[in-house]
Each structure stands twice: as structure tokens, then as C-alpha cells.
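> Could you look at this predicted model? Sequence included:
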Amino acid sequence: MSRFMLRALSTGITAATLSVSAHAATEITWWHSMGGELGERLSALAEDFNATQDEYRVTPSYRGEYEQTMVNTIAAFRAGEQPHIVQIYEVGTGTMMAAQGAIYPVFELMEEHGNTFDPADYLPVVTGYYTDTNGNMLSMPFNSSTPILYYNKAIFEAAGLDPESPPTTWAEMGEMGQQIVDEGAASCGFTMAYAANWVGLENFSALHNQSIGTQENGFGGLDTEFAFNGDVQARFWDQLKEWSDSGVYSYAGPANGPDAAPSFYSSDCAMYMNSSASRADVLANSDFDVGFGMLPYYDDVDGAPQNSIIGGATLWVLSGHEDDEYTGVAEFLEYLSLPDVQAEWHQGTGYLPITTAAYELSQEQGYYDENPGADIAIEQINLNEPTENSKGLRFGNYPQVRMVLDEEFQAVLAGNKSGQQALDDAASRGNQILRDFEAANN
């Protein structure tokens, strides 16, 4: 049993004692990218851990959006001012793995400090994204999500659609979206965040068991090339162009689609695709009954639907600190994985429960019975055993590739390129980014 668990089972420490001893506590710095309510919940996790013991004090620090946090971390490491823990988004995994000497792999950290840690306790679809080729976990899963469908039940009723039956296929999405527009129930059928990447390409490809890149989507090595320019993906981008012209689909902008959520909250668009972690914001900002569904798929593509892939981030431990500080880091990571801690985080945010125990605890507590749709993300990501095409992706400097995809997708919507031409060009431009990364890390 770890030191943390022994302390948690021992006699409670009074608040006065904590106040006096806090000055002597070893400081553990945690850089993150969560603002607003999520940031408050994250800070509460740190404070709850701090209240369980008096040896360590975890101090969270918001460092901007994911990309900015990553840039800040690189600069801090070069200056010798790096934090102990940093939250890095999933598409930064390849870059972090290549930073040899800068990271302290989580599996080594936990083994060397005697903490309870078994990768088998975590959901396979989550751990598979963050392990090396030998199955070793390099970072600690924290806020993992997958995109789902949200829809406005009132608009469905106004359009003459069954409010309890969201579209399951892209054919149904087009038909329902057109009926919604034709009936004047809303000005657009659907919108989505991350249209050119996480939702509209990466998860789309995984659900249809289509390759995003060679070498197992980059898991097998740096000498990978993009393969997201297949017939199925090109067909989808062309269809989005057609739906955009007819008003069935509304493009919400590049990256995370800043106009997507507002157009759904205002009832301009009947359906909205984004992270399962958007659940709390969707419910808080919608004055109508919200329905939930899985992402649509083409039912004429063999093997679809396969499974969706995760987004979100993990916690990376950086090298360069004292051993006693790493003892505190290990204890904190163990605390974050406790079933009750993970279940509360999952239920309060919409992120996936990263451990099987947290999922089972949520079931026992009746959370899914009381919150219909809250388990859709878990069901969707576990539809089938992940394949080489659907376990995730791992490419160096992939954030730059996402910017290329945004540019090429906008060219399709503008009528300047076909879906095939745009994806071919994106693959060519992206491959050059991969070659540059490979040259810099060999």
C-alpha cells in the first residue's frame, strides 16, 4: 500500500495543523490548459489532494490553450524552469515522446516510487493511445473524451421528426437536416467543431476503419506518411460541401469551430457534434431539451461503425527535479486515479472515466440511469476492439498538420477544390511536416 493510501486511512489532520505545516510542504507545480468551470474543478482536485496530507502541495497554473501550454513548456524546459507536471493534448503525444531526456515516463515514476499502478486498471482505448510499443504508459490519462452528437428535441418536434430518434447514419443526417430546413424549424440542420480534423476527419476515419497514416497511424515509427486522402474521406468532404450549399450543414470555423456551440445554443442549428466533455456546457447553455447520440456513419462502408478515438489530454512528468519532489508527484497521480476521484471528475465534466473501477462505480451510483446519454461516449469508443486504424494517431508536429487540413477544407467549401484534391494536397503538405520532424529527431 502506498504512503498516500496509508495517510488516507490514518487519523484525520485538523485544519489548523494543515495551516501551520503548509509552509513546509514540498511544492509540486502543475501547468494546465483548463479555463472556466473546468479550471475550477481542476483546482479543486489539487486542493482536495492537498487536504489529505501535509508533505506536498500541488499548485495548478493555467498556461493558455493546449498549443500555448506546449510552447510555454518547451521554453521553460530550455530555461530550466519547467513544472513538475504538464497537461498536453493528445496530438502532442508524438512530439513529447520524441523529447528524450525531457520527460520522466509515468510507468518508471510509479515503479521507482513504490506506488500502486497497474495499466490494466485503465480503459484499454485510453491507455493504448499513450503507451510505447512495449505497452509502457508514458503519461497519465487525465481528461479523455470522444466526440458525440447533441441535438435539439424541440426543433425535431417542430420539423415533424421523432425527438427520441437522432440520425445514426450520414444518409439520415442529410435527410433529417433537409427536413428541418425545409420546415423552417431551424436555419441549419447541423454544425460541428473540429470539422477538418478531430471530428470530421480523425474520428470519421476511425469509425469507418480507414487509415489516417501508415505505420499504424504513426505508432510504428517516425517514417510514416499520411493516408487520410482515401475515397471514403474524400466522399465525406464533398458531401459536406453539398450540404453547406443547401443549408443542411453550417461550417463553424477552423480549429475548434468557435461558432458551433453558439449556433446550437441559439437554436439556429438543430444538431451539433463536439466533445463528450462539452456536455456540462451544453446543458448549462441550452433552454431546450437536449438529446444525445453517437456520431453518424456511412452504413455502406464495410466495418462501420468501428469505434471512435479519444481527444483531451494526459499529464506528463518532466525531468530535472529532486527525487523527493517526484515522490509527491507519484502520490498525486495515484490520488487522481482513485475510483471515487475519477468517478466524480467523470460525472462532473463529461470526460471519460479513465479506469474500469470509476466506470463501474458510476454505474453502481446510478449516474447513467439518472443522466440519459451520459454513457454514449463510453459505448461509442468501445464499440469494437480497436484496430490499427482506430486506436488513435501519433504524428510529430501534428498541430501544424491540423492547420493545413483547416486550410484545405476551406478550399473545398469555397468551391476551389474537390474533396479528393484537397485531401491529396493536405497529405502532401503534411508529409513534408513529418519529414522535417523525422530529420530533427533521428
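It's in.
> quick one, strands of the stretch 251-400 of the chain?
Using DSSP state E, counting those that start in this stretch, the strands of the stretch 251-400 of the chain run over 269-275, 290-293, 311-317.
> Looking at the residue positioned nearest the centre of the chain now. What's its pLDDT?
The residue lying closest to the centre of the chain (CA atoms, centre = their mean) is residue 311, at 1.9 Å. If you check residue 311, the pLDDT there is 90.
> Across the sheet, point out what pairs with it.
Beta-bridge partners recorded for residue 311 (DSSP bridges): residue 145.
> residue contacts, it?
Going by CB atoms under 8 Å, 6 or more residues apart in numbering, residue 311 touches 89, 90, 144, 145, 146, 147, 198, 275. Glycine gets a C-beta too; all of them are placed from N, C-alpha and C.
> Could you measure from it over to residue 198?
6 Å (CB to CB, to the nearest Å).
> contacts for the longest helix seen in the chain?
Taking DSSP state H as the criterion, the chain has its longest helix at helix 419-440. For helix 419-440, the external contacting residues (CB under 8 Å, 6+ apart) are 94-95, 98, 222-231, 233-238, 241, 395-397, 400-401, 404-405, 408-409, 411-412, 417.
> What's the ChimeraX syntax to select whichever of the residues you listed are buried?
Filtering the contacts of helix 419-440 down to the buried ones (16 or more other CB atoms under 10 Å) takes a single ChimeraX command:
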select :94,95,98,222,224,226,227,228,229,230,233,234,236,237,241,395,396,397,400,401,404,405,408,409,411,412,417
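> ok so, going back, top of the contacts of residue 311 by neighbour count?
residue 147 (30 neighbours; other CB atoms under 10 Å).
> I'd say it and residue 272 touch.
No - look at residue 147 against residue 272 with CB atoms under 8 Å: they stay out of range, at 10.1 Å.
> how close does the residue nearest to the centre of the chain sit to residue 51?
31 Å.
> Ends of stretch 223-241, what's the gap?
This stretch, stretch 223-241, spans 33 Å end to end (CA to CA, to the nearest Å).
> now that stretch, how far from the centre of its chain.
Remark: stretch 223-241 is offset 21 Å from the chain centroid, using CA atoms, centre = their mean, to the nearest Å.
> Pull the residues that contact that stretch.
By CB under 8 Å, 6+ apart, the list of residues contacting stretch 223-241 from outside reads 170, 174, 195, 200-201, 204-205, 208, 210-215, 217-218, 249, 298, 301, 395, 401, 409, 412-413, 415, 418-420, 422-424, 426-427, 430-431, 434, 438.
> average pLDDT for it?
When pLDDT is averaged over stretch 223-241, the result is 98.
> can you check stretch 258-273 too?
Mean predicted confidence for stretch 258-273 is 98.
> try stretch 134-147
Here the average pLDDT along stretch 134-147 is 90.
> if I read this right, residue 386 contacts residue 128, doesn't it?
Yes - the criterion here is CB under 8 Å, and residue 386 meets it with residue 128 at 6.3 Å.
> For those two, list the residues in contact with both.
In contact with both residue 386 and residue 128: residue 392, using CB under 8 Å, 6+ apart.
> ok, the two, which is more surrounded?
Set side by side, residue 386 and residue 128 show more neighbours around residue 386, with 21 against 18, by other CB under 10 Å.
> what's near enough to touch the more buried one?
Residue 386 touches 124, 125, 128, 307, 309, 392, counting by CB under 8 Å, 6+ apart.
> so how far is residue 353 from the residue nearest to the centre of the chain?
Using CB to CB, residue 311 is found at 15 Å from residue 353.
> now swap in residue 265 and tell me
27 Å.
> How about residue 273?
Separation of residue 273 from residue 353 (CB to CB) stands at 22 Å.
> all helices in the stretch 101-250 of the chain, in order from the N-terminus.
For the stretch 101-250 of the chain, the helices defined by DSSP state H, counting those that start in this stretch cover 106-112, 124-127, 153-158, 170-182, 204-207, 214-217, 231-246.
> Deepest in the core, which of those helices is it.
Scoring the helices of the stretch 101-250 of the chain by mean neighbour count under mean count of other CB atoms under 10 Å gives helix 204-207 as the most buried, with a mean of 27.
> for the record, mean pLDDT for that one?
98.
> ok so, going back, let me know the closest of the contacts of residue 386 to residue 187.
residue 309 (31.2 Å; CB to CB).
> List the residues that contact the closest one.
125, 129, 146, 202, 203, 206, 381, 386, 390, 391, 392, 393.
> my guess is the first one contacts residue 381, does it?
Yes - judged on CB under 8 Å, residue 125 makes contact with residue 381 at a distance of 5.2 Å.
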